[in-house]
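# got a structure for you, letters missing:
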């Protein structure tokens with residue numbers, strides 16, 4: 001046996017190692033067989049190397065010596081332990097791991113980020129952002145910010161901490177250790193003028209990738225409220241709050257989806273904007289994203305079903321399917337109360353998307369003189385809902401009338417004009433039930449009176465659960481009209497997803513353009529969410545992103561630390577072995593099981 005000196009470079013630094021080897025005969029001639037690594041023996045002279053080699057050869061052959069050498073005994077003892085491979089590219093042979101010192105560090109949740117990143121690549125987000133003119137760094141930050149909204153929503157101030165606590169650095173192979181929130185705020189400002197271009201690019205890619213239908217456009221609105229006064233945002237105003245927060249300023253968000261639920265366009269309106277006034281601007285935005293699709297069908301709810309909007313839609317070359325306003329029901333009261341001619345339809349839970357509920361409805365075509373088709377509908381689930389809403393509004397109206405009467409008794413209102421203004425405000429606040437009451441004020445006696453109209457009230461009760469659909473599509477059956485209209489529930493589901501789990505609200509930004517870009521990031525995240533849910537739906541296993549996110553949260557990346565007996569440490573950064581459910585999800589999504597390529601470093 002003899003000692004062989006070796007050199008190798010790791011990360012530009014040169015390391016010296018000494019190996020105990022012996023010469024063996026092989027069919028290909030004499031070869032050196034490595035017995036063990038001795039580390040660096042320098043600056044000891046070569047004479048001592050030879051002496052150490054002789055002592056080791058004697059000890060390994062079983063010879064006993066009178067004087068024991070501790071260094072020799074330690075090496076012999078280590079040789080009895082299992083060996084591990086040397087770093088890639090190193091000398092053949094092995095090193096001994098100190099199993100008592102093995103540890104795991106820097107464990108990071110990776111499953112949801114891995115799936116989101118793979119879907120980001122599959123749709124081609126990076127190409128769309130590059131075509132929009134964003135630099136590589138801006139594209140990486142945009143992906144990080146979008147994935148944050150999808151996986152663990154947080155503010156831009158808290159986002160760098162989440163990025164460094166997640167496996168995003170491993171998956172993107174980027175160093176985010178020095179990332180600060182000001183870089184994220186600047187990236188919001190870069191995205192703001194490019195929203196339309198990016199949204200258009202995504203629409204084109206998704207249509208091709210998922211073979212989407214572009215003949216149906218589902219349009220609806222929601223509101224999103226703020227924390228703070230928002231003095232620098234002219235769009236932040238108080239209005240009708242869908243979130244039950246009339247105390248907060250808000251903006252109104254309009255969203256157009258295709259038949260399969262993928263976003264086509266979105267717009268942000270003033271917080272006090274009336275729904276009916278947004279249709280023209282929304283059609284402009286839609287056409288800028290997908291082009292004018294004459295012959296397409298616009299589907300909207302009753303809040304936008306004015307005669308002016310229906311004419312606007314037709315003048316633009318589109319068809320329409322809308323739910324008529326509540327007062328239109330009374331034109332068909334006799335037909336609603338006639339039990340003849342109804343057909344029953346059922347919408348199953350899994351037939352369209354994972355969010356909807358099973359529902360049963362009765363429909364029949366109404367008689368009318370206009371050139372449009374009108375469908376009378378009575379929803380089983382809506383009967384109790386309409387009754388509950390009507391009774392609640394009626395209770396509040398009567399309570400407010402009693403309060404107004406008490407104010408008059410206490411002479412808190414002296415002007416007759418003010419009294420009638422207060423009555424008018426109550427009628428505006430409770431339009432659904434105010435028409436069932438005759439409200440009067442006697443200026444001489446200063447008495448407020450109200451009388452219930454039982455006939456009108458009973459008539460309204462008979463219409464509970466009823467609604468009227470209108471369309472100019474003569475080629476559709478009653479069933480097809482109703483089912484197309486019910487696709488609007490996908491917009492409701494989209495708003496629900498954007499508010500939770502994507503946490504669109506509340507908004508903490510104070511500048512108008514950053515508020516708009518914050519909402520845009522939520523829309524980008526929703527592109528990923530709906531794509532993932534569609535892939536599961538196509539496999540016949542509908543599920544929600546929230547469920548997937550929880551199931552994938554137990555797949556991690558980690559660093560395995562392997563200290564060796566020669567004083568060095570091998571660190572292996574890699575993903576943990578996926579569990580059966582992880583593998584099942586990845587397989588259904590046709591995504592790789594390996595989160596990252598292992599990274600090995602020696603210190």
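Perfect, thanks for sending it. Everything numeric in this text was worked out from a predicted model, so none of it was measured.
# In contact with residue 223, which residues?
239-243, 250-253, 271 (Cβ atoms under 8 Å, 6 or more residues apart in numbering). From N, CA and C alone the C-beta is placed, and that goes for glycine too.
# Kindly recompute the last result at 6 Å.
Residue 223 is in contact with 241-242, 250, 252, counting by Cβ atoms under 6 Å, 6 or more residues apart in numbering.
# Same check on residue 162?
Residue 162 touches 148, 152, 154, counting by Cβ under 6 Å, 6+ apart.
# same thing but 10 Å
Applying Cβ atoms under 10 Å, 6 or more residues apart in numbering to residue 162 gives the contacts 144, 147-148, 151-155, 168.
# Residue 126 now?
Here residue 126 is in contact with 120, 134, 136, 139-140, 142-143 (Cβ under 10 Å, 6+ apart).
# Relative to residue 462, which of the contacts of residue 223 is nearest.
Distance to residue 462, by Cβ to Cβ, is smallest for residue 242 among these, at 28.6 Å.
# so that closest one makes contact with residue 250?
Yes: the criterion here is Cβ atoms under 10 Å, and residue 242 meets it with residue 250 at 8.8 Å.
# got the phi/psi numbers for residue 602?
phi -110, psi 140 (degrees, to the nearest 10).
# In this structure it contacts residue 563, no?
No: under the criterion of Cβ under 10 Å, residue 602 is not in contact with residue 563, lying 11.2 Å apart.
# Count the neighbours of residue 148 for me.
26 (other Cβ atoms under 10 Å).
# Give me the pLDDT for it.
pLDDT recorded at residue 148 is 97.
# The one 4 residues further on now?
Per-residue confidence (pLDDT) for residue 152: 96.
# quick one on the thing from earlier: out of the contacts of residue 162, what pair is the most spread apart?
Among the contacts of residue 162, 155 and 168 lie farthest apart (Cβ to Cβ), at 16.7 Å.
# Relative to residue 196, how far out is residue 457?
According to Cβ to Cβ, to the nearest Å, residue 457 and residue 196 sit 49 Å apart.
# And for residue 573?
40 Å.
# Compare neighbour counts for these two and give me the winner.
Shown here are residue 573 and residue 196; by other Cβ under 10 Å, residue 573 has more neighbours (18 against 14).
# Residue 155 and residue 168: who's more crowded?
residue 168 (25 against 15).
# contacting residues for the more buried one?
108-110, 113-114, 116-117, 140, 143-144, 147-148, 151, 162, 174, 176.
# And for residue 280?
308-309, 312-313, 316.
# Buried only: go through the residues you listed for me.
For these, a burial check counting by 16 or more other Cβ atoms under 10 Å picks out 309, 312-313, 316.
# Low-confidence stretches in this protein?
For the chain, applying pLDDT under 70 flags the ranges 1, 10-12, 27, 42-44, 46-47, 49, 57-68, 71, 74-95, 348-358.
# can we see that at 50?
The chain contains residues with pLDDT under 50 at 81-93, 350-354.
# any idea how it splits into domains?
As given by automatic domain parsing, the domain ranges for the chain are 2-81, 110-193+544-550.
# In a strand, residue 16, correct?
Yes: read with DSSP: H, G, I helix; E, B strand; the rest coil, residue 16 is one of the residues of a strand.
# ok, it touching residue 41?
Yes: using Cβ under 10 Å, residue 16 is in contact with residue 41, at 8.6 Å.
# who has more neighbours, these two?
Between residue 16 and residue 41, counted using other Cβ under 10 Å, the more crowded position is residue 41 (16 against 12).
# From residue 6, how far off is that one?
12 Å.
# Could you do residue 442 as well?
Look at residue 442 and residue 6: by Cβ to Cβ, they are 109 Å apart.
# Of these two, give the one with the bigger neighbour count.
More crowded of residue 442 and residue 6, by other Cβ under 10 Å: residue 6, with 13 against 9.
# Setting the sequence-adjacent residues aside, check what's closest to the more buried one.
In space, residue 6 comes closest to residue 17 once its chain neighbours are excluded; the distance is 5.0 Å by Cβ to Cβ, 6 or more residues apart in numbering.
# Just give the number of residues close to that neighbour.
A count of nearby residues for residue 17, using other Cβ under 10 Å, gives 20.
# thought it was touching residue 564?
No: using Cβ under 10 Å, residue 17 is not in contact with residue 564, being 11.5 Å away.
# Just to be sure, residue 256 is in a strand?
Yes: counting by three-state DSSP, one finds residue 256 located in a strand.
# What is the longest helix along the chain packed up against?
The single longest helix within the chain, with elements called by DSSP state H, is helix 380-409. On a contact count with 3 or more Cβ pairs under 10 Å, 6 or more residues apart in numbering; DSSP states H and E, helix 380-409 meets strand 359-365, helix 416-429, helix 431-434, strand 437-442, strand 447-452, helix 454-462, strand 466-471.
# Tell me which stretches of the stretch 1-150 of the chain form strands.
For the stretch 1-150 of the chain, the strands defined by DSSP state E, counting those that start in this stretch occupy 2-10, 13-26, 29-37, 83-84, 95-96, 103-109.
# so how far is the first one off the chain centroid?
Mean-position distance between strand 2-10 and its chain equals 53 Å (Cα atoms, centre = their mean, to the nearest Å).
# So which other helices or strands are in contact with it?
With contacts taken as 3+ Cβ pairs under 10 Å, 6+ apart, strand 2-10 sits against strand 13-26, strand 29-37, helix 46-60, strand 599-602.
# Equivalent analysis for the longest one, please.
Contact partners of strand 13-26 among helices and strands, from 3+ Cβ pairs under 10 Å, 6+ apart: strand 2-10, strand 29-37, helix 46-60.
# Figure out which of the ones you listed is closest to residue 339.
Across the helices and strands packed on strand 13-26, closest to residue 339 is strand 2-10 (Cβ to Cβ), at 85.7 Å.
# May I see the buried residues of the closest one?
Neighbour counts over strand 2-10 (16+ other Cβ under 10 Å) mark residue 3 as buried.
# next structured bit after the helix or strand where residue 481 lies?
Element membership for residue 481, per DSSP states H and E: helix 478-485. The element immediately downstream of helix 478-485 (helix or strand, assigned by DSSP H and E) is helix 489-499.
# List the buried residues in that next one.
Neighbour-count burial for helix 489-499 flags 489-491, 493-495, 497-499 (criterion: 16+ other Cβ under 10 Å).
# TSV for these, including distance to residue 446?
Formatted as TSV, the buried residues of helix 489-499 follow (distance: Cβ to Cβ, whole Å):
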residue	distance to residue 446
489	50
490	54
491	49
493	52
494	52
495	47
497	53
498	51
499	47
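# list the residues that contact both of residue 602 and residue 563?
569-571.
# Counting neighbours, which of those end up buried?
Among these, the ones that count as buried by 16+ other Cβ under 10 Å are 570-571.
# Pull the number of nearby residues for the closest residue in space to residue 237 that isn't next to it in sequence.
Setting aside the residues directly before and after it, residue 237 is nearest to residue 271 in space (Cβ to Cβ, 6+ apart), at 3.7 Å. Residue 271 sits with 23 neighbouring residues when counted by other Cβ under 10 Å.
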